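Peer 1: Predicted coordinates and the sequence they were generated for:
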Amino acid sequence: MGAALKLMRREPAVPIAGCTDVYVSLNFGTLAAARFLDLSQLAPLRRITVRGDTLVIGATATYTSIIRSAHVRRRLPMLVAAAREIGGPQIQNRGTLGGNIANGSPAGDSPPVLAAAEAVVVLASADGDRRVPFADYYTGYRASVKRADELIVAVEVPPVEGAQWFRKVGTRAAQAISKIVMAGVRSAAPRLALGSVAPTVVRLPRTEAALAAGAPIAEAQRVLGDEIRPIDDIRSTSAYRRRVAANLLARFWADTA
Ligand SMILES: Cc1cc2nc3c(=O)[nH]c(=O)nc-3n(C[C@H](O)[C@H](O)[C@H](O)COP(=O)(O)OP(=O)(O)OC[C@H]3O[C@@H](n4cnc5c(N)ncnc54)[C@H](O)[C@@H]3O)c2cc1C
């Protein structure tokens with residue numbers, strides 16, 4: 001690990017894990033990099049453990065290992081639900097949580113879960129580790145606080161109190177990028193996060209406050225409508241995303257009642 005971090009400091013390279021995003025970029029000619037650093041052989045980065053009361057998921061843990069992990073199933077079932085819907089088995093066998101975070105797509109399926117779980121991203125460099133709350137990780141469209149010489153090494157998830165919920169809406173049930181994706185935690189202070197409605201994943205503090213105050217669901221849906229600014233793009237329209245976001249909110253509330 002130390003050697004990898006020194007190399008990243010000396011002559012920064014593009015880190016690669018499962019390569020499920022990197023190969024697509026190479027195929028489309030949108031990635032010009034010539035130097036790569038393969039993280040897949042660094043065993044500590046693959047581990048999923050519990051430290052104290054914190055779930056620690058190594059950055060190169062694959063979706064398949066997340067689905068199979070008793071720790072994740074018990075503590076963060078909404079991440080297991082998300083992992084089951086990412087790509088198909090081939091992508092789940094290779095794709096990693098760290099790769100999904102680093103790729104930074106606003107349509108990625110794990111970021112809403114990590115936002116709702118109030119996870120922490122652990123970044124490492126030759127100088128040591130630093131911990132960034134997930135809410136502060138992204139700074140804009142596919143942009144983050146991670147420096148070029150840093151690697152994501154793990155995600156730390158504190159205990160999550162309350163019922164967890166995840167739903168992805170895409171063109172098909174499998175192998176589809178999300179048109180909209182929501183994760184939620186039902187507790188006295190409900191937490192909600194949405195993907196594909198903004199340049200980055202977003203928490204919904206005003207909608208959360210309305211639910212916490214006991215607002216009827218129709219009122220919470222109205223607040224949500226004011227709080228998000230989805231766009232028209234190749235995958236969907238703003239109007240469709242608004243309607244589906246409101247429907248998902250009602251479904252979250254009914255399913256976790
Ligand atoms: C057919 C197909 C279907 C897909 N379906 C979905 C889907 O349903 N939902 C979804 O969210 N995504 C989907 N994806 C996207 C992709 O599989 C995920 O984003 C996956 O988690 C990427 O992980 P990886 O290990 O393959 O990343 P890689 O391709 O290896 O890397 C992706 C990016 O992250 C960087 N990186 C990787 N690991 C680290 C690290 N530890 N530290 C710093 N930077 C790092 C790389 O430099 C690169 O920029 C799909 C992709 C394909 C090809």
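Peer 2: Cool, the structure landed.
Peer 1: Now the residue in the stretch 101-250 of the chain positioned nearest to the ligand: closest residue in space that isn't a chain neighbour?
Peer 2: Using C-beta to the nearest ligand atom, the closest approach of the stretch 101-250 of the chain to the ligand is made by Ala102 at 3.2 Å. Just so you know, the C-beta spots here come from the backbone N, C-alpha and C atoms, and that holds for glycine as well. Sequence neighbours aside, Ile152 is the residue nearest to Ala102 in space, at 5.8 Å (criterion: C-beta to C-beta, 6 or more residues apart in numbering).
Peer 1: before we move on, what SS does that neighbour have?
Peer 2: Using DSSP: H, G, I helix; E, B strand; the rest coil as the criterion, the local structure at Ile152 reads strand.
Peer 1: Over to Leu248?
Peer 2: Assignment for Leu248 (three-state DSSP): helix.
Peer 1: I'd like to know how many residues surround it.
Peer 2: Residues within reach of Leu248, counting by other C-beta atoms under 10 Å, total 22.
Peer 1: Give me every residue in the stretch 101-250 of the chain lying close to the ligand.
Peer 2: Residues of the stretch 101-250 of the chain lying close to the ligand by C-beta under 6 Å from any ligand atom are Ala102, Asn103, Gly108, Asp109, Leu151, Ile152, Gln175, Ile177.
Peer 1: what's the farthest-apart pair in those?
Peer 2: Farthest-apart pair in those is Leu151 and Gln175; separation 28.5 Å (C-beta to C-beta).
Peer 1: In terms of neighbours, single out the busier of those two.
Peer 2: Comparing Leu151 with Gln175 by neighbour count (other C-beta under 10 Å), the higher total belongs to Leu151, at 25 against 13.
Peer 1: Alright, that wraps it up for me.
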